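Show me the folded form of this:
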Amino acid sequence: MAHPPTTSTAPPPTPTRRTAFAEGVDKARAAATTEPGRLRIIGAVLALLVVAFGAVTAWQTADRAAAADDVLHKSQPLSAAAADIYRSLADANTAASSGFLAGGQETATSRKQYEEDIDKAAAELVRAANSSDPDSPSADAITKLNTLLPEYKGLVERARTYNRQGFPVGGAYLRYANQKMQDEMLPEAEKLYTKENQRLEDDYADATPYPWAAIALGVLALAALAWAQHRNYRRTNRVLNHGLVAATATATVVLLWLVIGHSVARAGLNDSYDHGVRSLTVLHDARIASLKARGNENLTLVARGAETETITVDGKEETVDKYDHEFTTDMNALGAGLARAAKLADDQAGEKPVTSAEGNMEVWKERHSSAREQDDYGNYEQALALVIGDKGATAECFASVDENLEKALDHEQKEFQQAAGDGLDAMTGLTAGAAVLAVLGAAGAVLGVGRRLSEYR
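Below is the predicted model:
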């Protein structure tokens, strides 16, 4: 008996289960085709834009406020401290040479000035060390200066000891001390000053740029809110939606606060740089030039022609006194610095001491020429009196230049603090205010859209 052929029937394929993500996309797409779904998406986007605007505003203004605070309370004071280290070292060197010229009759005033300068330099080095980053160029310069300072003091004390005893070797020790100061210590102090000035420049660069990302987000958020309200008006014929109006108002306040506040802060910081930092830098350089000139003037008499160098004048080589040549170079730098400081001064209070210092400098140069003339004629005592004497000496001119420069520095420092402080104050509260208002704006947007959604229930 034959059996009919059998055919095998394959089981139906098992339907592939879609992923939760794909199902979610389909649901979202379906929801977006309905007005309630669209409103939910619009509300979420508006809230996200307003919150993002507030967050970026808070972030960028916090960074700029921190940089502005560093300018006012950290980098500029440290730059000034570095300049004081340089000035104190140069002034100590000048006081040491002045005391040496007086011989065994070194005055208590010159000795006190030397000790005060050394102590101030040491104290400022400690302060700078506490504020510098480990393994930075500034920290390296500070370490070297802390090592060199005791060595310099030892050389000066030996020079004084031999000088009081009338031994000529005292002059050699003083020249060696001066060489250590000029060739090793002051270059390190200048390196420190340069690095601290660079840090100040970097802080200004961080504090002054406009927060373009926050501004762009603010404009985008306002545009989105305006579009949402226009859409609402077209669909409902209602002019105002209280929630969306509140969100627009808070976003507008934050954007205006951001633009105006930062513009005022930027103006204050730029003013503090143009009429504060630039003048302070020029005045510090001028004061240092005057100190170096005074030190070289003293050393001209200490060395008595023992130190010479060859220079080229009009294509011809000439042998000149090393310290007197450097005195001329320093006085030229002082004159150029004072001229520039006078141009930068923006008021009478800043210009007057600089003008007075220029007059003192001219008298100084005249008296110096007279002293050099007496020394060239072999009248050492007369030359000495014209340099360190009580009246009619170059010492008076140097003291007047230094005093007037200190007055100018004090004035410019106050101008810097006022302008930088105004710039920092303009950003006060902006970071926290932007964050709070952004949250309120986002809540207003959500509530405004929620009010429309309730009409569909």
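
could you pull out the helices for the stretch 251-400 of the chain?
Applying DSSP state H, counting those that start in this stretch to the stretch 251-400 of the chain gives helices spanning 278-303, 322-344, 348-376, 380-388, 394-425.

Could you dump those into a markdown table and include distance to R175 and mean neighbour count?
All C-beta spots, glycine's among them, are computed from the backbone N, C-alpha and C. Shown next, in a markdown table, are those (distance: least, Cβ to Cβ, whole Å; neighbours: other Cβ atoms under 10 Å):
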| stretch | distance to R175 | mean neighbour count |
| --- | --- | --- |
| helix 278-303 | 6 | 25 |
| helix 322-344 | 9 | 19 |
| helix 348-376 | 17 | 18 |
| helix 380-388 | 17 | 18 |
| helix 394-425 | 20 | 20 |
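
Adding distance to A207 and mean pLDDT, write those helices out as a markdown table.
Formatted as a markdown table, these follow (distance: least, Cβ to Cβ, whole Å; pLDDT from 0 to 100):
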| stretch | distance to A207 | mean pLDDT |
| --- | --- | --- |
| helix 278-303 | 16 | 88 |
| helix 322-344 | 21 | 92 |
| helix 348-376 | 24 | 93 |
| helix 380-388 | 47 | 88 |
| helix 394-425 | 8 | 93 |
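
Switch these over to CSV; also include distance to A62.
Shown next, in CSV, are the helices of the stretch 251-400 of the chain (distance: least, Cβ to Cβ, whole Å):
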stretch, distance to A62
helix 278-303, 28
helix 322-344, 33
helix 348-376, 34
helix 380-388, 56
helix 394-425, 13
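
How much space separates E190 from I142?
E190 sits 13 Å away from I142, going by Cβ to Cβ, to the nearest Å.

higher neighbour count, these two?
Ranked by neighbour count (other Cβ atoms under 10 Å), E190 and I142 place I142 first, with 26 against 16.

List the buried residues for the helix or strand harbouring the more buried one?
Using DSSP states H and E, I142 sits within helix 137-164. Residues of helix 137-164 classed as buried by neighbour count (16 or more other Cβ atoms under 10 Å): 138-139, 141-142, 144-145, 148-149, 152-153, 155-156, 158-160, 162-163.

where does the chain have low pLDDT?
Where the chain drops to pLDDT under 70, the residues are 1-18, 20-33, 102-107, 237-239, 305-306, 311, 313-315, 452-453, 455-457.

Tell me which residues touch the residue nearest in space to the middle of it, please.
With distances taken as Cα atoms, centre = their mean, the residue of the chain nearest its centroid is L200 (1.6 Å). Residues near L200 by Cβ atoms under 8 Å, 6 or more residues apart in numbering: 71, 75-76, 78-79, 277.

that's a helix at it, yeah?
Yes - under DSSP: H, G, I helix; E, B strand; the rest coil, L200 falls within a helix.

Grab the nearest non-local neighbour of it.
Among residues not flanking L200 along the chain, S75 sits closest, at 4.2 Å (Cβ to Cβ, 6 or more residues apart in numbering).

Next, the one you found: phi, psi?
Phi and psi for S75, reported as degrees, to the nearest 10, are phi -70, psi -40.

residues contacting it?
By Cβ under 8 Å, 6+ apart, the contact set of S75 is 196, 199-200, 202-203.

Looking at the residues you listed, which one is closest to Y380?
Taking Cβ to Cβ as the measure, Y380 lies nearest E196 of these, at 42.3 Å.

Tell me which helix or strand the closest one sits in.
Remark: E196 resides in helix 186-207, with elements defined by DSSP H and E.

coming back round to it: out of the helices of the stretch 251-400 of the chain, which comes closest to R235?
R235 lies closest, by Cβ to Cβ, to one member of those: helix 394-425, at 46.2 Å.

And the contacts of the next helix or strand after the closest one?
Sequence-wise, the next helix or strand downstream of helix 394-425 (DSSP H and E) is helix 430-453. Helix 430-453 has contacts (Cβ under 8 Å, 6+ apart) with 36, 39-40, 42-43, 46-48, 50-51, 53-55, 57-58, 61-62, 65, 221, 225, 228, 232, 236, 241-251, 253-254, 257-258, 261-262.

How about stretch 249-264?
With Cβ under 8 Å, 6+ apart, stretch 249-264 has contacts from 50, 53-54, 57, 61, 64, 210-211, 214-215, 218-219, 221-222, 225, 422-423, 426-427, 430, 433-434, 437-438, 440-441, 444.

longest helix of the protein?
Taking DSSP state H as the criterion, the chain has its longest helix at helix 35-70.

Tell me the buried residues in the helix or strand hosting N93?
Following DSSP H and E, one finds N93 within helix 76-101. Judged by neighbour count (16+ other Cβ under 10 Å), helix 76-101 contains these buried residues: 76-101.

Check which helices and strands that helix sits against.
helix 108-131, helix 137-164, helix 169-180, helix 186-207, helix 278-303, helix 380-388, helix 394-425 (3 or more Cβ pairs under 8 Å, 6 or more residues apart in numbering; DSSP states H and E).

and the last one with helix 108-131, angle?
Angle, helix 394-425 to helix 108-131, by axes from the mean of the first three to the mean of the last three Cα atoms, to 10 degrees: 30 degrees.

Now do helix 394-425 against helix 380-388, angle only.
With the same axes, to 10 degrees applied, the angle from helix 394-425 to helix 380-388 works out at 20 degrees.
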